[in-house]
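Asks: Pasting the sequence and the predicted model now:
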Amino acid sequence: MRDHVNAAARKLPTWPVYILGLIPMGAFFYMGLSGALGPEPIKALEHEYGQLALKLLIAGLCITPLRRFAGVNLLKFRRALGLLAFAYVAAHLLVWLVLDIGNVARIWADIVKRPYITVGMAGFLLLVPLAVTSSNRAIRAMGAGWRKLHRLVYPAVFLGGVHFVMLVKGWQMEPLIYLAVILALLALRYQGPSRAMRAARG
């Protein structure tokens, strides 16, 4: 089964991932315009974009454990997942800035006064340099420093999970599950050397 998945992944190009990943963005925006997102379409659109961003970030975190523990190699799709996640985070932020707040003076006040917005904005800012340096040209130019920079995804996705928990009223189960999954995936990255490294050491 693992070999079949890896063989299929090698044959599959990455561009369909971008197309399929962006379809929900347009679909939810249309649903908001048509009234299909309920009585508060702007809030609903913010939520949908933010949750999709978090799901994509979590999917990106799953790739290394899948390779390490299951032997499933989906590394070629990690950049696509990361860029799609950034696109949804940016859309989430734009809906809040333009459609929800719509007042430049209030934006900074909300960032400073509302902790969940402060945390979310911090996570977004950590993702910006990752998106900017995601091209092959940037990878070649930065060399070993590229990997170090892209470790910022770990605190960024953690902050995204905390933002979700703080955003909802009370202690709701769904955001807590997201945060627990994020913490588990981050912990898996520190479970010692990979299978390949252990085999190399003999």
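Replies: Done, it's in.
Asks: quick one: low-confidence parts of this structure?
Replies: Within the chain, the ranges that satisfy pLDDT under 70 run 191-202.
Asks: report the longest helix in the chain, please.
Replies: Assignment by DSSP state H gives helix 41-65 as the longest helix of the chain.
Asks: Could you report the distance from the residue positioned nearest the centre of the chain to Gln172?
Replies: Geometric centre of the chain, nearest residue: Leu57, 2.5 Å, by Cα atoms, centre = their mean. Between Leu57 and Gln172 the distance is 20 Å, computed by Cβ to Cβ, to the nearest Å. Bear in mind the C-beta positions are built from the backbone N, C-alpha and C, glycine included.
Asks: Could you do Phe86 as well?
Replies: 26 Å.
Asks: hang on, the earlier thing: counting contacts, what elements does the longest helix of the chain pack onto?
Replies: Counting contacts by 3 or more Cβ pairs under 8 Å, 6 or more residues apart in numbering; DSSP states H and E, helix 41-65 is packed against helix 15-34, helix 78-94, helix 153-167, helix 173-188.
Asks: Mind checking the ones you listed for the one nearest to Tyr49?
Replies: Using Cβ to Cβ as the measure, helix 78-94 is the one of the helices and strands packed on helix 41-65 that comes nearest Tyr49, at 4.0 Å.
Asks: what distance separates the helix or strand just after that closest one from the middle of the whole chain?
Replies: Heading C-terminal from helix 78-94, the first helix or strand you meet, by DSSP states H and E, is helix 104-113. Distance, stretch centre to chain centre, for helix 104-113: 24 Å (Cα atoms, centre = their mean, to the nearest Å).
Asks: buried sites along the next helix or strand after helix 104-113?
Replies: Next helix or strand after helix 104-113 toward the C-terminus (DSSP H and E): helix 115-132. Residues of helix 115-132 classed as buried: Ile117, Thr118, Val119, Gly120, Met121, Ala122, Gly123, Phe124, Leu126, Leu127, Leu130 (neighbour count, 16 or more other Cβ atoms under 10 Å).
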